[in-house]
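Visitor: no sequence on hand, only this structure:
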């Protein structure tokens, strides 16, 4: 039983009824009227709207490009119940395979189909038969031959192990009564190096006035967890580099429309909708989660570390941006090393040498390759290169790897002990490193 007092199966059935009914009422809100108290408990509106007539307008509010929407079947857009655009800025490439959890009427599947092109493939998964049928009609109308739909549940996906390059989802996982199972399934079906781009509703701890309203908590948020719990759940399933790329925070005006709608029934229950909205303002939002499935340990043996080449510069810039590190490589490229897997840079490190002193900098490993010991290999290779150039002391600034650097032989020092030539480097003087710890290692 869940904390709402219903079994997981009852909640799932309620969600099926909710969304089956939603597409049967194309002019109504995402939830429509509630046939029973159980359906009222299990449903979800996802994205707050100011009025029930706003159904279908939510897609543009959620971050979709208007021109992109005009190219899709109107029904796919009108029956979009999402809270974000999981494909916005996602690195989906031609030829890849994308899995959409809770594909609904197919809006995100159709957008993904255009991204992966004819060589690629899109799998839409939904547990509502009516949604599967509607999605198939929309795909047929769009003429997308690279999309298929499967009936199934997110906790037990009918998808083979390591079969997809991307998992996307749009305001669906918050509906699941067993989110850890969904997260484990995501990790299972992803190929090593595959990524996620998931938009979903999250909620921080709400004040008593919200917690006391079971309709507001379960009907509208449908089991939404906090952003921190979401990240931890994905990491516990084995994903790496999990982060929130963007947020759409709902303010009181948006929440007032949500709580007053038939989706929640809060207004019908006589609750003070204005007070509920004011109490929840800023505490409920749509978050876009990104992350990757790491490569197995055996992959580390396939990685080589060698000197950076001019053609590596764009990849190095991408690695540094991914690690939130200064990307001013410029003329220092000759002092950089990269870790390569199948010819592609997956890690880097560099130094700025000034006589017997050098600043070690720009250590970055892309998340899918973390845990393979590549950071240590890059560091050790740079030490050998520095010694060959007559460097006797290595310095670094770090806000994240101080314990790791200590294992490599670095010791914390006062910033005033750093030689003037090192202090004059752009990385040392940069504002982003003002709070970083200074460390030194003797190389002689």
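Guide: Received the coordinates, thanks. Being a predicted model, the structure only gives us computed values, none of them experimental.

Visitor: tell me if I'm right that residue 437 and residue 397 touch.
Guide: Yes. With contact defined as C-beta atoms under 8 Å, residue 437 reaches residue 397; the gap is 7.0 Å. For glycine as for every other residue, the C-beta is placed from the backbone atoms N, C-alpha and C.

Visitor: which secondary element of the protein has the worst mean pLDDT?
Guide: Counting by mean pLDDT, DSSP states H and E, the weakest-scoring helix or strand in the chain turns out to be helix 37-42, with a mean of 28.

Visitor: what's the first-to-last distance across stretch 115-124?
Guide: Distance across stretch 115-124, first residue to last, is 15 Å (C-alpha to C-alpha, to the nearest Å).

Visitor: ok now that stretch, how far from the chain's centre?
Guide: Distance of stretch 115-124 from its chain centroid, counting by C-alpha atoms, centre = their mean, to the nearest Å, is 20 Å.

Visitor: for it, give me every contacting residue.
Guide: If you take C-beta atoms under 8 Å, 6 or more residues apart in numbering as the criterion, stretch 115-124 is touched by 87, 92-100, 103, 106, 109, 112-113, 132, 135, 144-150, 159, 164.

Visitor: now, these that are in strands?
Guide: 97-100, 147-150, 164 (DSSP state E).

Visitor: hmm, residue 405 and residue 363 touching each other?
Guide: No. Applying C-beta under 8 Å, one finds residue 363 not in contact with residue 405, separated by 9.2 Å.

Visitor: about what we covered before: which of residue 437 and residue 397 has more neighbours?
Guide: residue 397 (22 against 17; other C-beta atoms under 10 Å).

Visitor: now the more buried one: closest residue in space, sequence neighbours ignored.
Guide: Of all residues not flanking residue 397 in the chain, residue 436 sits nearest, at 4.0 Å (C-beta to C-beta, 6 or more residues apart in numbering).

Visitor: would you confirm that that neighbour contacts residue 398?
Guide: Yes. If you go by C-beta under 8 Å, residue 436 and residue 398 touch, sitting 5.7 Å apart.

Visitor: what is the three-state secondary structure of residue 67?
Guide: State at residue 67, reduced to three classes by DSSP: H, G, I helix; E, B strand; the rest coil: helix.

Visitor: swap in residue 440?
Guide: Classification of residue 440 by three-state DSSP places it in strand.

Visitor: and the pLDDT at it?
Guide: Looking at residue 440, its pLDDT is 97.

Visitor: and the angle for the longest strand along the chain with strand 97-101?
Guide: Identified as the longest strand of the chain according to DSSP E is strand 190-203. Using axes from the mean of the first three to the mean of the last three C-alpha atoms, to 10 degrees, the direction of strand 190-203 lies 30 degrees away from that of strand 97-101.
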